[in-house]
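Participant: Sequence and predicted structure below; questions after.
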Amino acid sequence: MIDATVMAGLRLDAASGALSEGDADRALAEAEQLLYRTPDDIDALVVVGRAAVRTGDGAMAAAALRRVLDARPELGECWALLSLALLLEADPEGAVEAAERATVTSPEAPLGWHHLAVALERAGRAAEAIGAALRAEALDPKTFARPVSWSDEEWTRALSAARGGLTPLVREFYRDVPLRWASFPDVGLLRSSSPPLSPFIDALALPPTPGRASPAAVVLYRDNLARPSCSLAELSLRLELALQRRALEVIDAREDEA
């Protein structure tokens with residue numbers, strides 16, 4: 001019979017390996033098997049937190065990471081991950097608090113400063129967000145380079161190029177659907193769904209107004225589309241993919257209802 005400690009190590013290795021390979025669902029399954037036998041295993045809880053963030057489950061991630069931090073409050077990376085989990089839960093103020101703990105605990109780790117910048121921005125504290133973003137960029141300029149600030153004219157050009165790449169079906173869809181720009185999704189809008197919508201969505205189709213079958217508009221979120229930093233050609237491709245996805249979601253939903 002395999003020793004329980006050896007088995008736990010094998011489970012943890014399997015969970016960590018799955019996460020490294022990008023298989024968050026398998027990582028969760030392996031970690032949860034380990035937690036069934038050892039509910040307070042810190043390493044397994046960290047894997048759950050990381051994997052749940054990747055799947056967009058902010059509630060699961062936050063629950064696991066809070067248990068970790070209750071026992072190990074010195075883990076700066078886990079505070080940074082908790083900040084991201086709270087953003088996924090449409091709680092920017094809570095995300096700011098967690099990211100601030102990350103920067104105090106690990107001041108030389110750029111991830112905490114990056115998450116603090118994002119959380120401050122989403123909490124409406126733009127001036128403070130710039131300072132945190134600059135600190136993240138100074139610590140790791142390759143990974144956390146600030147996105148290019150495109151002009152309105154450049155956004156218009158990128159959108160025009162994106163429209164040209166749409167399939168005929170999608171191009172026809174947008175004949176009847178106006179496009180709007182916004183910086184990033186409003187917190188109230190995110191919270192209107194259960195679970196909350198992702199704060200990192202690139203576009204969103206607004207519900208139809210009375211008497212219309214088509215969405216009232218499709219909103220394009222500039223700050224999300226522009227990240228990570230990219231060229232104008234890459235920005236155009238992101239816009240094309242966002243427009244294509246949102247249109248096909250609506251079209252598919254109509255066919256399911258028919």
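Facilitator: Received the coordinates, thanks.
Participant: can we go C-alpha only for contacts and neighbour counts from here?
Facilitator: OK.
Participant: Just the strands from the stretch 101-250 of the chain, written as ranges.
Facilitator: Using DSSP state E, counting those that start in this stretch, the strands found in the stretch 101-250 of the chain span residues 179-182, 203-205, 218-221.
Participant: Out of those strands, the one nearest residue 192 is which?
Facilitator: Among those, the nearest to residue 192 by CA to CA is strand 203-205 (13.1 Å).
Participant: re earlier: TSV for the strands of the stretch 101-250 of the chain, including mean pLDDT, mean neighbour count and distance to residue 47?
Facilitator: TSV is the format used below for the strands of the stretch 101-250 of the chain (pLDDT from 0 to 100; neighbours: other CA atoms under 10 Å; distance: least, CA to CA, whole Å):
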stretch	mean pLDDT	mean neighbour count	distance to residue 47
strand 179-182	96	13	34
strand 203-205	95	21	30
strand 218-221	97	22	31
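Participant: Residue 127: which of those is closest?
Facilitator: Closest to residue 127 of the strands of the stretch 101-250 of the chain is strand 179-182 (CA to CA; 18.4 Å).
Participant: packing partners for the closest one?
Facilitator: Contact here means 3 or more CA pairs under 8 Å, 6 or more residues apart in numbering; DSSP states H and E; on that basis strand 179-182 packs against strand 218-221.
Participant: for the strand it packs on, packing partners?
Facilitator: strand 179-182, strand 203-205.
Participant: Try it again at 10 Å.
Facilitator: If contacts are counted by 3 or more CA pairs under 10 Å, 6 or more residues apart in numbering; DSSP states H and E, strand 218-221 sits against strand 179-182, strand 203-205, helix 232-257.
Participant: Could you chop the chain up by domain?
Facilitator: Split into domains by automatic domain parsing, the chain comes to 4-139, 152-257.
Participant: ranking those domains by burial, who's on top?
Facilitator: Compared across the domains of the chain, domain 4-139 shows the largest average neighbour count, a mean of 21 (mean count of other CA atoms under 10 Å).
Participant: now that one, how far from the centre of its chain.
Facilitator: 12 Å (CA atoms, centre = their mean, to the nearest Å).
Participant: any idea how far the spatially most central residue of the chain lies from residue 12?
Facilitator: Centrality entry for the chain: nearest residue to the mean C-alpha point is residue 200, 4.6 Å, by CA atoms, centre = their mean. For residue 200, the distance to residue 12 equals 30 Å [CA to CA, to the nearest Å].
Participant: Kindly report the same for residue 193.
Facilitator: In terms of CA to CA, residue 193 sits 34 Å off from residue 12.
Participant: before we move on, the earlier item: give the contact list for the residue lying closest to the residue nearest to the centre of the chain once chain neighbours are set aside.
Facilitator: If the residues on either side of it in the chain are set aside, residue 200 comes closest to residue 224, at 5.8 Å by CA to CA, 6 or more residues apart in numbering. Residues near residue 224 by CA atoms under 10 Å, 6 or more residues apart in numbering: 147, 182, 183, 184, 185, 199, 200, 201, 202, 203.
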